[in-house]
Each structure stands twice: as C-alpha cells, then as structure tokens.
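Colleague: quick one: sequence plus predicted model below, questions after.
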Protein chains: 2
Amino acid sequence: MNLEKRLHSRGYRYTPQREAVFGVLKENEGKPLSPEEVHELACKRFSSLGLTTTYRSLELFCDLGLATRVHLHGDSHYYEVNTGKHHHHMVCLSCGAIEILEACLIEELKERVRDGSDFLVTEHCMSLFGYCPGCLTSRKG
Amino acid sequence: MNLEKRLHSRGYRYTPQREAVFGVLKENEGKPLSPEEVHELACKRFSSLGLTTTYRSLELFCDLGLATRVHLHGDSHYYEVNTGKHHHHMVCLSCGAIEILEACLIEELKERVRDGSDFLVTEHCMSLFGYCPGCLTSRKG
DNA sequence: TCCTTATCGACAATCATTATCATTTAATAA
DNA sequence: TTATTAAATGATAATGATTGTCGATAAGGA
C-alpha cells in the first residue's frame, strides 16, 4: 500500500500532488468524499493543488485499485480509499451523515440472479437511506 | 391510475404535454428512460413539447407517486412509471441493456442493520452490473 | 365566453466534470 | 550533478445535464 511504488510499478510518476490527494483519502478511510472536498483538504498539504489535478488523481487511483468510486443518490461523485474490505453505505436524509454498512447480500442475490437469468453480475452498488441515530433522537426532543 | 384525475386531485392541470410524457413512461414500463429519451419519444405525441417541460413533468410525476427515479451508475437521471411493484436493475456494461431484477433482499438487510446499528432505513437503491446473455454469447463467437 | 393563474417554451444561468495547451517537473541517462 | 524528455500540472475554456427566469399561452372555473 505504498503510493510511490504502486505508481512506479505502473509507469506513473510520484508527485507531491498525488501524495496530497492520496493522503486525504487515507486520513478519511470509510468516509466518502467528493472531489471538491478532497481538493479543499488536500490544499492544506499542497496549497497550489489544482481542482483538475484532484479529479485526475482520483480517477487514476481508482484505476490502480487504490481508491473506489462510491455511488450515492447525489449528483456528485464520491471517492474512498480502497481498504480491500467491501462495504456499502447508509446515508442520513436529514443531516447527510454516512455510516458504513459491512453487511452485503450480494452473494445471495447473485444466486437468485443465476436462477432467474443468464446475466453475469460483475459489479454492484447499493446504498441505504434513512435517518441516523442522532437525527432520530433530536426529532423526539 | 388515471392521469387526469390524479393531477386534478392534487390541484394540478391536465395538459397534453403531461399526457404525452406520461404516455411514454407507460409505454416503456420496466425500462428506465433518461429525460432526453423521454423528450424525444414524447415529441412524437406532442411535437412542440419542450425539454424543460419534460424535466418538470417527470419530477412532478415522481412527487405524485406516478413515476419513480431510477439510480444507475451513469451521470444522467432515469425515470420509470411506478407500477407499485418494487424492483431493481441489472445493467450490461457492454451494450447498456437493462434487465429488471425482481428479487430484493432489502428486508434481510434491514434486519442485519437493526442488529448492528440504530439507523432507520426508509429507502434504498441497488443496481447490479455485468454482462447480459446477448453480449456473453457474442464474446464467445 | 371571460378571467385568473398554472403551465409552457425559449433561453440564460448554473454546476460538476472534461478537454486543451503552454508550462513545469519527475525520472532517467550522461 | 546536469541535461533531457515526456508525463504531469494548472489555468482556462468547453461541455453536458439540469434548473431558473420570464413573457406568452391555455386549462378550467365563474
């Protein structure tokens, strides 16, 4: 999980911009960030970082398997460092908080698909929406 | 499921534009369409239909419960007539074909969430991606 | 039929993202 | 260490989907 080696092994250059972007992802493991958010945070590590470079770095990291794209309802993309542990997300419709959901029933679903169709499933995305404990509590009060 | 009554009951007007947009959705039950696609098809029913009106009608139908928003990987929104029958989608990464997936494990997932978190799940979206039977066959040949 | 106002359509504005391109710089070889 | 070269960067323009604006139109009740 060394950025420099991972980049070089695929013929890419190791730059402070990429280091900054990747550092932000690592520091926010489990928290999906938009390119805008990543850019803002990464600028603290490399102040002249351009937004374009942020977009490009995030896509590159996904191609290298270092990050994953997270698909939520919103119109923006989200990214997360790839820990190798598959998970989904629960998004609070009230405050926007995002909780990680370790449970995944994709294998069970694949079985059902196999029974009912010849479709070959290679990827999936799933998000749950509702209300986080904090918002539920403050509603009552 | 009568558009005119449904609109009037909520204080909205029944217009040929809305009739055209809704007609397209009904005619394509089970097939998620982008606003662009809906517009193109609906223009055959009402030639001067504006794209803006198409967008507005689709959102209105969702609010009225006549249509549902479908969330796929893509950057565009998709809409489908609401038949009341909950389902998900399988999208072919090769040709873009969309198959309906009747199976849904949301109840099982909710149970697991209840065990591990106090999050209240009210909505969810899920899409599977892979290769449809047609594309799998042509790959072999 | 007439009025009121919701709705419409054309167009401008916005927002996220991508393409362009001149400049900078990482990495390699001398 | 320095020179070289192509990859990478960042400013800016372009794009594409969606939303806002506003004068014109027409649905539906009086």
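Modeller: The structure has been received and is ready for your questions. Remember, predicted model here, so these are calculated numbers, not experimental data.
Colleague: near chain B, which residues of chain A show up?
Modeller: Counting by C-beta under 8 Å from any C-beta of the partner chain, chain A comes close to chain B at A:71, A:73, A:90, A:92-93, A:99, A:101-103, A:105, A:108-109, A:112-113, A:116-133, A:136. Using the backbone N, CA and C atoms, a C-beta is placed for each residue, glycine as well.
Colleague: again, 6 Å this time
Modeller: Proximity of chain A to chain B (C-beta under 6 Å from any C-beta of the partner chain) is limited to residues A:90, A:99, A:103, A:105, A:108-109, A:112, A:118-133, A:136.
Colleague: buried among the residues you listed? Make that a ChimeraX selection.
Modeller: To isolate the buried subset of those in ChimeraX, counting by 16 or more other C-beta atoms under 10 Å in any protein chain shown, use the following:
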select /A:90,99,105,109,119,120,121,124,125,126,127,128,129,130,131,132
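Colleague: please flag which of the residues of chain A next to chain B sit within strands.
Modeller: Applying DSSP state E to the residues of chain A next to chain B, the entries found in strands are A:90, A:99, A:120-131.
Colleague: make TSV from these and add pLDDT and distance to residue B:38 to it.
Modeller: Formatted as TSV, these follow (pLDDT from 0 to 100; distance: C-beta to C-beta, whole Å):
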residue	pLDDT	distance to residue B:38
A:90	91	31
A:99	89	35
A:120	90	29
A:121	90	28
A:122	88	29
A:123	85	27
A:124	88	26
A:125	85	24
A:126	87	26
A:127	87	25
A:128	89	28
A:129	87	25
A:130	88	29
A:131	90	32
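Colleague: of those residues, which is the nearest to residue A:45?
Modeller: Proximity of those to residue A:45 (C-beta to C-beta) peaks at residue A:99, which lies at 26.9 Å.
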